[in-house]
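Engineer: Have a look at this prediction, sequence included:
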Amino acid sequence: MATTTALAVEPLPARSRRGPTAVGSFLRVFFRDRQALVGALIIAIAGGAALAAPLISPWDPLTSGAAERLAPVGTPGHLLGTDEQGRDILSRLIWGGRASLLVGILPTVAAGIVALGLGLLAGYVGGLLDHLIMRTLDVFFAFPLVLLAIAIVGVIGPGMQNQMFALAVVLVPYATRVVRTATLSVTPLEFVEGARALGAGRGRLIGRHLMPNVLPPLLVYTSTLVGMMIVASAGLSFLGLGVQPPTPDWGVMVGNGRLVLYRAAHVATIPGIIIVVVALAFNFVGDGLREALDPRARR
Amino acid sequence: MIVYALQRLLGLVPVLFGISVIIFLTMKLIPGDVARALLGPMATDQSLAQLRHALGLDEAIYVQYGKWLWRALHGDLGLSPIVHKPVVELLLPKLGNTLILAGASFFLAVVGGVAVGVLAASRQQSLVDRAVMGASLVVGNMPPFWLGLVLIVFFAIDLRWLPSLGMYSARGPGGFGDLLAHLIMPAVATAAAPGAIIARMTRASVLEILGQDYIKVARSKGLSERAVLGLHVLRVAWPPILTISGLQLGYLLGGAVFTEEVFGWPGLGRQLVSSVIARDVQVVQGAALFIALAFVIVNLVVDLLNLYLDPRSRPA
């Protein structure tokens, strides 16, 4: 959090020359960072595999083969073995990326968009509106994040859509705080004053001058959140509150594997390893983004 | 300082009010007519109206809220229609069990995290430092439910050292030793991710202090490295570590839901999950209220403790 505030202190000029130089130097810094590169590569592989699932998946993820239940890792034809219903684990991992990545990414993006609106409004308009928005959000900080998501699902019912809605709701207060802090640090600066003196309206000020300075810290913050959300949403699916079987999903796979833990541990452990690796990859990318977008980190 | 503590206490009032409003409103937002659900499809309009009147459902929403709050303040959160027990009676023992697990996990996370962080910082850039920090990054991203299962595979299935389920053995000695044996794995699984974060923060804050001039002075006086760390570094590093540890509490409580489920620990989180699946909204709300209250109180305690330990955080 401290870094995001620090980020906002040194804003980009509103009309930064977003030519090849800005983007180019961003990419240069980002790709020089080996960790970020590895993270981006892992995400590309996982995302690409999920998208290309119909083409590359060796088996159908839902077809069970009664003859070969709980086949161990390395079984010919089933590289990662089969689960309790004889379904190919590798194929389910590939298809499972669709639900798992979607459920991790979409709520974060949705929360980011809502937070952008609320945070800009609270930070720029200030006064009573600011007070009203922030005090309302304060109440949400009184609940631990995952528990609040579970309670929301408890009221609106389990399922993938409700799971995404619940996760988005619990993220909004956190992301809004980041946007508001960034807005507050930019608003009093001279270039905003100057734009206002030149007759820029409220909409233009917010859209053209504040937004470009508020987006980088929000982007950095949400990119590290995605990793956490992938773990959290897998958790909800694991508990049976999110993605519903038989839809393949990494959290659901760990939950199913738990039932045969004593006979074939790999059914539960392998999908968990994928969750850890992908979450880690998003964290690497988030750190890389921070370095590349924070002018002070560029040395 | 007492004034500040009182101010902080007063600041809780609007938050608690907000929590109660949110929890009350969710109860009202659930689709469906309570009276019809209770009386069934054959109920006449007259009997429905009578029941609504008896339940106070025909009153204005703020009157209903006032009455609900009054009862809640007197420890009455209603009856669970699923298990036919008063919600408070159902949840209180579970709260105790969760506090045992959360307390043990928090202790592990702070002690382990700080020890590892100080170790890494005192050997900056060494192999130990890199290995420890790399490991903390991986552990920090581990889903607690998965880590729990992995622990079960190793320590309960392969090695047969520890029990994998419950709080006490069904047949056995019981007592504190039995509880401890059942507590180890869930506590480790719950503590791992927050502990890893505490370790990274501790390392950063110790390194920052090690760069200060007065540490050079202490070293050039000929103090041993151990004395420098113990006397000069840790005393200054404590407040930020405590603040960060406090922030991990919510994370830890969230993780406890999963480990309670995996290890069959009869706590609030497990009750919450099974009530969500059974759609027992009364209990879900009660549990949410309990968790929010516990969280708010613990945060208050951390704040006050910080105030006591760090004179700089006191307002002038």
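Structural biologist: Yes, it's here. Numbers count the residues shown, from 1 in each chain, chains lettered A, B, ... in the order given.
Engineer: In chain A, which residue is most central in space?
Structural biologist: A:Val226 (1.9 Å; CA atoms, centre = their mean).
Engineer: check contacts around that one.
Structural biologist: A:104-105, A:108, A:282, A:286 (CB atoms under 8 Å, 6 or more residues apart in numbering or on different chains). C-beta coordinates here come from the backbone N, C-alpha and C atoms, glycine included.
Engineer: try it again with 6 Å
Structural biologist: A:Val226 is in contact with A:104-105, A:108, A:282, counting by CB atoms under 6 Å, 6 or more residues apart in numbering or on different chains.
Engineer: Which ones among the residues you listed lie within strands?
Structural biologist: Judged by DSSP state E, the contacts of A:Val226 include no members of strands.
Engineer: Tell me the spatial nearest neighbour of the residue nearest to the centre of chain A, not counting adjacent residues.
Structural biologist: A:Phe282 (4.5 Å; CB to CB, 6 or more residues apart in numbering or on different chains).
Engineer: ok, now B:Val298?
Structural biologist: B:Leu249 (5.7 Å).
Engineer: Okay, and that neighbour sits in which element?
Structural biologist: Taking DSSP states H and E as the criterion, B:Leu249 maps to helix B:234-262.
Engineer: Which elements pack onto that helix?
Structural biologist: For helix B:234-262, the packing partners by 3 or more CB pairs under 6 Å, 6 or more residues apart in numbering or on different chains; DSSP states H and E come out as helix A:145-156, helix B:87-122, helix B:144-151, helix B:175-210, helix B:268-277, helix B:281-309.
Engineer: Who are the packing partners of the first one?
Structural biologist: For helix A:145-156, the packing partners by 3+ CB pairs under 6 Å, 6+ apart come out as helix A:160-186, helix B:234-262, helix B:281-309.
Engineer: which of the residues in the last one are buried?
Structural biologist: Of the residues in helix B:281-309, those buried by neighbour count under the rule 16 or more other CB atoms under 10 Å in any protein chain shown are B:281-292, B:294-296, B:298-300, B:302-303, B:306-307.
Engineer: before we move on, what about the second one?
Structural biologist: With burial defined by 16+ other CB under 10 Å, the residues of helix B:234-262 counted as buried are B:234, B:236-262.
Engineer: any weak-confidence spans in the chain?
Structural biologist: I'll assume chain A. Residues of chain A that meet the criterion pLDDT under 70 lie in A:1-22, A:66-67, A:295-299.
Engineer: sorry, should have said chain B
Structural biologist: Scanning chain B for pLDDT under 70 picks out the ranges B:30-38, B:170-174, B:311-316.
Engineer: Now do the helices for chain A: every range, in order, please.
Structural biologist: Here chain A has its helices, by DSSP state H, at A:2-9, A:20-32, A:34-51, A:53-56, A:89-125, A:127-140, A:145-156, A:160-186, A:190-197, A:202-204, A:211-238, A:250-258, A:266-293.
Engineer: Distance to B:Gly230 added to the ones you listed, as a markdown table?
Structural biologist: A markdown table is the format used below for the helices of chain A (distance: least, CB to CB, whole Å):
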| stretch | distance to B:Gly230 |
| --- | --- |
| helix A:2-9 | 27 |
| helix A:20-32 | 40 |
| helix A:34-51 | 34 |
| helix A:53-56 | 56 |
| helix A:89-125 | 42 |
| helix A:127-140 | 39 |
| helix A:145-156 | 36 |
| helix A:160-186 | 36 |
| helix A:190-197 | 49 |
| helix A:202-204 | 57 |
| helix A:211-238 | 34 |
| helix A:250-258 | 43 |
| helix A:266-293 | 32 |
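Engineer: what sits against the residue in the stretch 51-200 of chain B that chain A sits nearest to?
Structural biologist: In the stretch 51-200 of chain B, the residue that lies nearest chain A is B:Trp146 (3.4 Å; CB to the nearest CB). Residues near B:Trp146 by CB under 6 Å, 6+ apart: A:254, A:272.
Engineer: repeat that with 8 Å
Structural biologist: A:254, A:268-269, A:272, A:275-276.
Engineer: Contacts made by stretch A:74-81 with the rest, please.
Structural biologist: Against stretch A:74-81 from outside (CB under 8 Å, 6+ apart): A:58-59, A:68, A:70-73, A:82, A:88-90, A:93, A:264, A:266-267, A:270.
Engineer: among those residues, which are in reach of chain B?
Structural biologist: By CB under 8 Å from any CB of the partner chain, no member of those lies near chain B.
Engineer: These: which two are farthest apart?
Structural biologist: Greatest spatial distance in the contacts of stretch A:74-81: A:Pro58 and A:Ala264, 19.3 Å, computed using CB to CB.
Engineer: So which bits of the stretch 1-150 of chain B are right by chain A?
Structural biologist: So far as CB under 8 Å from any CB goes, the stretch 1-150 of chain B lies against chain A at B:14-15, B:18-19, B:21-22, B:26, B:29-30, B:137-138, B:141-146, B:149-150.
Engineer: Which among the residues you listed count as buried?
Structural biologist: Of those, these count as buried by 16+ other CB under 10 Å: B:15, B:18-19, B:22, B:26, B:137, B:141-146, B:149-150.
Engineer: The helices and strands packed on helix A:145-156: which one's closest to A:Ala151?
Structural biologist: helix B:281-309 (4.4 Å).
Engineer: got the buried residues for stretch B:154-173?
Structural biologist: Buried-residue list, stretch B:154-173, by 16+ other CB under 10 Å: B:155-156, B:163-164, B:167.
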